[in-house]
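Asker: quick one: sequence and predicted model below, then my questions.
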Amino acid sequence: MHKMAKSSFKQQFSRALYEHLRFGQSKHLHKKKLSGNENDNGFMESNPLVFSDSYKKSLQAFINQAAPWLQIYSGKRLVVQLTAEHWSAYIETKVLICSSETIGLYYSHINKLAEMCNSLYKSNVKWTKGFKKPKSLKTPFGELLRTQQMSQEDFDIIMAHATRPGTWSRAPIGWELSRLFGFRVHELEKLCVKNCHLSEPGLFGYGYIDIVGKGKRYRKIHVMTQDIRDYVEGIITGLSSDDRIVNLCKKQINEHLRRAEIATGLAEKYNNTGIHSIRKLFAQTFFDWCQSELGYTEEQSYCLLNSQLGHSLRRGPELTRIYVKSIDKKLKEDPKAYNQFKRKKSSMKQSGK
């Protein structure tokens, strides 16, 4: 316990996680008879073991973001000294930026970490006892904050204000790049001239931009039209290869956007969404363009969209409908269409398309 007290919360949680990895083993072989925590078959409903690498990565990502916050907030030295109230306070910080589904996943992760810590550290924590899962808060217009899509009309209003005579900032360049290519804000922060390959053909003949995005995944984002290519050429003219294009940190990019929203009366409508709402505007625009200009089917369109956004085809249909509101509207109105949508996504994953 003394050695445990010298390590950080992140180290304590990570040790509990890695002590319970059982890759390649059968989950069913590890089920144990245990009175008091049984299902109808007489087996444990859950255990502290982890059998897949994907679940391990999900738990580790949760640990990385939650542990530092909990350590500062609780003032404790040991993770086993945490209570349900500490975890509840942490989850409350997520209701503005996470969907109810994500909050439910976090609740599951808290349960799993409790089982791991009880097993490794011989404790008896019950972090979810009496814990009420909060739901994601919605905007005044009824949308989940994390899923809100900025309209083209509102984007034009914000851009007109931020680029009016007598004002100057490179932040609007970042907003426009997100609208044209679907960049995340942290991708805009590190985007350099050398990432722009406009002399290469790309998928549409106008070049491409490469970036290492979320999860350290490399992707090519293809330039759609000559006008967009001309815009990129214009903003990098006079810059060196290693120069950052926006040259602002992600916090500054979002802060400039927030000030523009306040000045134009759009702050309430886009409360706490930032660049992500513009990224979703790109998603809808690109999805429509694939069908109107390229003649793609819906399935081909959101396959290419996922590639442009840096999403895996393994992600379920719920992710696509978050980004493409026309699909969301269609599936809400027609349950049969939603079932067909799920089956098509499943068949694409199996075929590797």
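Answerer: Good, I have the coordinates.
Asker: what about Tyr106, neighbour count?
Answerer: 19 (other C-beta atoms under 10 Å). C-beta coordinates here come from the backbone N, C-alpha and C atoms, glycine included.
Asker: I figured Gln284 hits Ile322, correct?
Answerer: No. Using C-beta atoms under 8 Å, Gln284 makes no contact with Ile322, being 11.0 Å away.
Asker: all helices for the stretch 51-200 of the chain, in order.
Answerer: 53-74, 84-92, 100-121, 152-162, 171-181, 185-190 (DSSP state H, counting those that start in this stretch).
Asker: chain center to the last one, what's the gap?
Answerer: Translated: helix 185-190. Offset of helix 185-190 from its chain centre (C-alpha atoms, centre = their mean, to the nearest Å): 14 Å.
Asker: what about that helix, average pLDDT?
Answerer: The average pLDDT within helix 185-190 is 93.
Asker: same thing with the third one?
Answerer: Helix 100-121 comes out with an average pLDDT of 90.
Asker: counting neighbours, what do you get for Thr83?
Answerer: Count around Thr83 with other C-beta under 10 Å applied: 14.
Asker: what about this structure, any weak spots by pLDDT?
Answerer: 1-5, 26-46, 96-97, 132-147, 272, 312-319, 331-332, 335, 337-353 (pLDDT under 70).
Asker: tell me how it divides into domains.
Answerer: 2-121, 146-351 (automatic domain parsing).
Asker: and Ser241, which of the three is it?
Answerer: Ser241 falls in the coil class when you classify it by DSSP: H, G, I helix; E, B strand; the rest coil.
Asker: check contacts around it.
Answerer: Residues near Ser241 by C-beta atoms under 8 Å, 6 or more residues apart in numbering: 192-194.
Asker: looking at those, which is nearest Ser7?
Answerer: Checking the contacts of Ser241 against Ser7 with C-beta to C-beta, the nearest one is Cys192 at 37.4 Å.
Asker: excluding covalently adjacent residues, which one is nearest to the closest one?
Answerer: Arg244 (5.5 Å; C-beta to C-beta, 6 or more residues apart in numbering).
Asker: list the contacts of the one you found.
Answerer: Applying C-beta under 8 Å, 6+ apart, the residues near Arg244 are 189-192.
Asker: any of those buried? List them.
Answerer: 189, 191-192 (16 or more other C-beta atoms under 10 Å).
Asker: possible to save these as TSV with distance to Ile211?
Answerer: Listed next are those as TSV, based on distance: C-beta to C-beta, whole Å:
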residue	distance to Ile211
Glu189	11
Leu191	7
Cys192	10
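Asker: tell me which of the domains of the chain sits nearest to Lys129.
Answerer: Using C-beta to C-beta, the nearest of those to Lys129 is domain 2-121, at 5.9 Å.
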